[in-house]
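J.: kindly generate the corresponding structure for this input.
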Amino acid sequence: MWSCETAWGSGPSGRAEPGSDRGRPRPPGSSGTLRPAMSSETAYESSSFKVAEIQHRYGANVHLVDDPVAWSLLARACARETLQPEVGRLVRMLYEDLARRVIAAEFPRELMRVPTRMVGSHPQAVARFAGIAHRTPVVTVGIARAGTVPSQVIYELLNEIVEPALVRQDHLFMSREVNEAGEVTGARWHDAKIGREVGGRIILFPDPMGATGSSMSSAVTHYKTRLEGQPSRIVALHLIVTPEYLRRLQKDHPDVIVYALRLDRGLSAPEILATVPGERWDDEVGLNDHQYIVPGAGGVGEILNNSWV
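T.: Next up, the predicted model:
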């Protein structure tokens, strides 16, 4: 765990800066410079937070979230009758919740001291806890079309948690390449709006459907090899993934950390569906002949944008 002790106040820029009380409104009845004493509370100095997961055999970098509430909302989002605006609201809810878990589990932490409104009359009124390191540099990447809304949700959330000046949103415009039989053969880049520097940054790829892995693999390769510096870590955030997706990503980029609310392997044989996910990985099937996920959700990019192209 990365850890340092930081006291938050309000600096000249209006943003939180270590050790400053400048510009902070004084509580009623207080006067002079606020110099809050450290709280003696130690219960929150460290966190052992981990995302609850279902059992699987896909390796330590894969996290399949165990959450009945998220599963229920995801089922509604995938249902045949669910269209806009409901599907948009559901995707936003699911991604804000998933992003909170990922940030709590994967981002560096630091020991913080935050004076409360009671500090004017009680010097002990200082919250002391392990929080997310404020100066964490992050990039969230929106892969059009399905990843555009999730990336914006995460971008807005990150601006509330870490230093906004260190949060960036990039945009990729990609599509599947298919052969005459409709089978996915790769990913085609159409355009991109990307900041050049990624050194030391956490890179987040929120993309609802992890189907074949071709687009994600191509995007990760670009960020590793074509930009300045090396990311500190790369995390993919999905609503649904397939065994085929996980196999492709593990082959091409075994260092990428994957979070998903659900694994779909619905075209597997009954005896395979009765096993722990990943136990018979080579026999698991989650894609149909046109590389759509089953059970899946259909074309999420089309549904989110009401654009059936």
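
J.: next, the distance between the ends of stretch 284-298.
T.: Stretch 284-298 has an end-to-end distance of 20 Å (Cα to Cα, to the nearest Å).

J.: typo on my end, stretch 289-298
T.: Start-to-end span of stretch 289-298 (Cα to Cα) is 14 Å.

J.: buried sites along it?
T.: Across stretch 289-298, burial judged by 16 or more other Cβ atoms under 10 Å covers Q291, Y292, I293, G296, A297. C-beta here means a position set from N, CA and C on the backbone, and glycine is covered the same way.

J.: any idea which of these is closest to A269?
T.: Nearest to A269 among the buried residues of stretch 289-298: I293, at 17.4 Å, using Cβ to Cβ.

J.: tell me the contacts of the closest one?
T.: Counting by Cβ atoms under 8 Å, 6 or more residues apart in numbering, I293 makes contact with M209, A211, I240, T242, D264, G266, G286, L287.

J.: now with 7 Å, please.
T.: Counting by Cβ atoms under 7 Å, 6 or more residues apart in numbering, I293 touches M209, A211, I240, T242, D264, G286, L287.

J.: beta partners of it?
T.: L287 (DSSP bridges).

J.: TSV please, covering the buried residues of stretch 289-298 and showing pLDDT.
T.: TSV is the format used below for the buried residues of stretch 289-298 (pLDDT from 0 to 100):
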residue	pLDDT
Q291	90
Y292	93
I293	95
G296	92
A297	88
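
J.: will you turn the residues you listed into JSON lines that also has distance to L204?
T.: Shown next, in JSON lines, are these (distance: Cβ to Cβ, whole Å):
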{"residue": "Q291", "distance to L204": "24"}
{"residue": "Y292", "distance to L204": "25"}
{"residue": "I293", "distance to L204": "21"}
{"residue": "G296", "distance to L204": "23"}
{"residue": "A297", "distance to L204": "21"}
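
J.: looking at the residues you listed, which two lie furthest apart in space?
T.: The two members of the buried residues of stretch 289-298 with the most space between them (Cβ to Cβ) are Q291 and A297, at 13.9 Å.

J.: now do the helices in the protein.
T.: Here the chain has its helices, by DSSP state H, at 68-78, 86-106, 148-161, 214-225, 243-252, 270-273, 300-305.

J.: turn the ones you listed into a markdown table, columns for mean pLDDT, mean neighbour count and distance to G199.
T.: Shown next, in a markdown table, are the helices of the chain (pLDDT from 0 to 100; neighbours: other Cβ atoms under 10 Å; distance: least, Cβ to Cβ, whole Å):
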| stretch | mean pLDDT | mean neighbour count | distance to G199 |
| --- | --- | --- | --- |
| helix 68-78 | 97 | 16 | 33 |
| helix 86-106 | 96 | 18 | 18 |
| helix 148-161 | 96 | 20 | 18 |
| helix 214-225 | 93 | 19 | 11 |
| helix 243-252 | 98 | 20 | 22 |
| helix 270-273 | 98 | 11 | 43 |
| helix 300-305 | 73 | 20 | 31 |
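
J.: so which of the ones you listed gets nearest D282?
T.: Of the helices of the chain, the one closest to D282 (Cβ to Cβ) turns out to be helix 243-252, at 8.3 Å.

J.: any chance of the helices of the chain in a markdown table, plus distance to H134?
T.: Listed next are these as a markdown table, based on distance: least, Cβ to Cβ, whole Å:
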| stretch | distance to H134 |
| --- | --- |
| helix 68-78 | 28 |
| helix 86-106 | 12 |
| helix 148-161 | 8 |
| helix 214-225 | 24 |
| helix 243-252 | 31 |
| helix 270-273 | 45 |
| helix 300-305 | 32 |
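
J.: nearest to S47, of those helices?
T.: Across those, closest to S47 is helix 86-106 (Cβ to Cβ), at 7.7 Å.
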